[in-house]
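> take this sequence and fold it.
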Amino acid sequence: MADLAKILEQSLPVVRETGQWIQSMVNQIAIEHIQYKGKNDLVSFVDQTAEARLKESLSNIFPEAGFIAEESASDFSEVGDGYYWVIDPLDGTTNFLHQLPIYAVSVGLIYQKQPVLGMIYEPNRDELFYAVKGAGAHLNGLPIQVSSQPTLEKSLLATGFPYHDFSYQDKYLTLLKELMQKSHGLRRMGAAAIDLAYTACGRFEGFFEANLKPWDVAAGKIIIEEAGGKVTNFSGGFDVIFTGQIIGAGAIFEEFLGTLQTHWEN
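Got it, this is the predicted structure:
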């Protein structure tokens, strides 16, 4: 087993420095720099450069690990049971390009296809969330926990709207209608990594989204779990990284999942 504590110690400055570099580029982006990977799926040289920086540094820290990274990944079928860095160099690219200050660097390390280490850095507030399996979750060095609020009725929830695959839009909107009536409200931040980090520290009671990629959730999954929460797919199974579905919460988890499942057939 790799020395995860040492890998974390060496990796945290890399993630923070990458996020700070991204922050320095906010006013350097022009419309001609924006590319489209698909419908409403934007990318810029900032995403690509940040990913290259991360891969180079993380390779030096842990050369045995492979990579699953947003700007260079194509097929997950070859992913084995070894160690892989799972990287979203800039989660919330659309926010970043519109100068909306909600975006983050998300870096997870998986082993046997499950996260064992996660780091999420939000540069606008200089907040670095991180966790190692079995060692708890932290924000800027201080322990964090999920919300202990026991009822959905008194909870603030986060989600992500469909933005390129609209095949599940109708049942999604039906679910949103019920959750709007049964909770303190819903927030759509535009960056799944931030939704997950905020759920881990109790700012949100829960988060759910469909049609996500491994780099969207790998870091956040273990941070929530190490903060005392539960994370599954919409069927209640623990295969989250490669299914595209995630629901995570603290004390409301069972009620939250049950409400979701009344509207969502897999």
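> wait, I61 touches V14, no?
Yes. Using Cβ atoms under 8 Å, I61 is in contact with V14, at 7.3 Å. (Glycine included, C-beta is placed from N, CA and C.)
> tell me the secondary structure at Y121.
Here Y121 is strand, with the state taken from DSSP: H, G, I helix; E, B strand; the rest coil.
> so how far is T49 from it?
For Y121, the distance to T49 (Cβ to Cβ, to the nearest Å) stands at 16 Å.
> which one's more surrounded, these two?
Between Y121 and T49, Y121 has the larger neighbour count (other Cβ atoms under 10 Å), namely 27 against 17.
> ignoring the adjacent residues along the chain, who's closest to the more buried one?
In space, and not counting its chain neighbours, Y121 is closest to G19: 4.1 Å by Cβ to Cβ, 6 or more residues apart in numbering.
> quick one: the one you found and P123 touch, right?
Yes. If you go by Cβ under 8 Å, G19 and P123 touch, sitting 4.0 Å apart.
> looking at those two, which is more packed in?
It is G19, of G19 and P123, that has more neighbours when counted by other Cβ under 10 Å, with 25 against 20.
> where's the more buried one relative to S155, distance?
G19 sits 29 Å away from S155, going by Cβ to Cβ.
> restrict the helix or strand harbouring V15 to CA atoms and write it as PDB.
Taking DSSP states H and E as the definition, one finds V15 inside helix 4-24. Only the C-alpha atoms of helix 4-24 are listed here, as PDB (Å, rounded to 0.1, in the frame of the first residue of the first chain):
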ATOM      1  CA  LEU A   4      -1.000   8.000   1.300                       C
ATOM      2  CA  ALA A   5      -0.200  10.500   4.100                       C
ATOM      3  CA  LYS A   6       3.200  11.300   2.500                       C
ATOM      4  CA  ILE A   7       1.600  11.600  -1.000                       C
ATOM      5  CA  LEU A   8      -1.000  14.000   0.400                       C
ATOM      6  CA  GLU A   9       1.600  16.100   2.100                       C
ATOM      7  CA  GLN A  10       3.600  16.500  -1.100                       C
ATOM      8  CA  SER A  11       0.500  17.000  -3.300                       C
ATOM      9  CA  LEU A  12      -1.400  19.700  -1.400                       C
ATOM     10  CA  PRO A  13       1.000  22.500  -2.400                       C
ATOM     11  CA  VAL A  14       0.800  21.400  -6.000                       C
ATOM     12  CA  VAL A  15      -3.000  21.600  -6.000                       C
ATOM     13  CA  ARG A  16      -2.900  25.000  -4.200                       C
ATOM     14  CA  GLU A  17      -0.300  26.400  -6.600                       C
ATOM     15  CA  THR A  18      -2.200  25.300  -9.600                       C
ATOM     16  CA  GLY A  19      -5.400  26.900  -8.300                       C
ATOM     17  CA  GLN A  20      -3.500  30.100  -7.600                       C
ATOM     18  CA  TRP A  21      -2.200  30.100 -11.200                       C
ATOM     19  CA  ILE A  22      -5.700  29.600 -12.500                       C
ATOM     20  CA  GLN A  23      -6.800  32.500 -10.400                       C
ATOM     21  CA  SER A  24      -4.100  34.700 -11.900                       C
END
